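> 3D, please:
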Amino acid sequence: MTETKAKKRSKTPLLLVLVFVLPVILAKLALDNDWFNRGATNRGELINPTLDFNLILQESSVPAVDPKWHVLFVLPEQCEQKCENALYSLNQIWIALGKESDRMSPMVISTPNSDSSKVGELMTHETILLLKTDDNNVKKVFKDVATDGIFLADTLGNIMLRYPTNEEKQQAVMQSRDILADLRKLLKLSRIG
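Purely as a prediction, here's the structure:
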């Protein structure tokens, strides 16, 4: 009987080591050797470090409102097909949010060089908010990031995701779905906005 107890006692520390240490070692090996796909779930291009959108908000004539998520687009000098598709996407994303649409604000940033005919149309648009600012503010905010895309900003004014604009309508619709998926995920996780 004592021999059986001695064998059990000698196996116990070995089992404890296997149960507690082996998973840690396997996890470390999996991380070091990239044995799995990383957990990136966003569909847009992550902007790191984030860009501060508050400079444009402060300079614009938009009255202060409750914090909201923002889907942004910088209006170019000539609004061609990519621009048209981006403006269409902004409106469709807002509509697709349904009851959550009050938590998001689609915005177009215009400068004195932006397409004046589109600026006129956007001034009367019901859902898309037009922010007028100068080129210097846009350059300060976007720094080294190209402005030819659709951007997602959080409730604190941090621009964190960028989505490319597309020439073809079908690709633009698919891109809108990606923006919508990321936005829904963020709205679900956020209590603000």
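> Can you list the neighbours in contact with the helix or strand where Glu121 lies?
Assigned by DSSP states H and E, Glu121 belongs to helix 116-123. Outside helix 116-123, the residues that touch it by C-beta atoms under 8 Å, 6 or more residues apart in numbering are Leu75, Cys79, Cys83, Leu87, Val108, Ser110, Ile128, Leu130, Lys132. Placement of C-beta: from N, CA and C, glycine included.
> which residues touch the fourth one?
Read that as Leu87. Leu87 is in contact with Phe73, Cys79, Val108, Lys118, Leu122, Ile128, counting by C-beta under 8 Å, 6+ apart.
> Identify the farthest-apart pair in those.
The most widely separated members of those are Cys79 and Ile128, with 13.1 Å between them, by C-beta to C-beta.
> rewinding a little: which of the contacts of helix 116-123 fall in strands?
Using DSSP state E, the members of the contacts of helix 116-123 that fall in strands are Val108, Ser110, Leu130, Lys132.
> how about the residue nearest the centre of the chain, secondary structure?
Geometric centre of the chain, nearest residue: Leu161, 3.5 Å, by C-alpha atoms, centre = their mean. Under DSSP: H, G, I helix; E, B strand; the rest coil, Leu161 falls in the strand class.
> residue contacts, it?
Going by C-beta under 8 Å, 6+ apart, Leu161 touches Asn42, Gly44, Glu45, Leu46, Ile47, Phe151, Leu152, Asp182.
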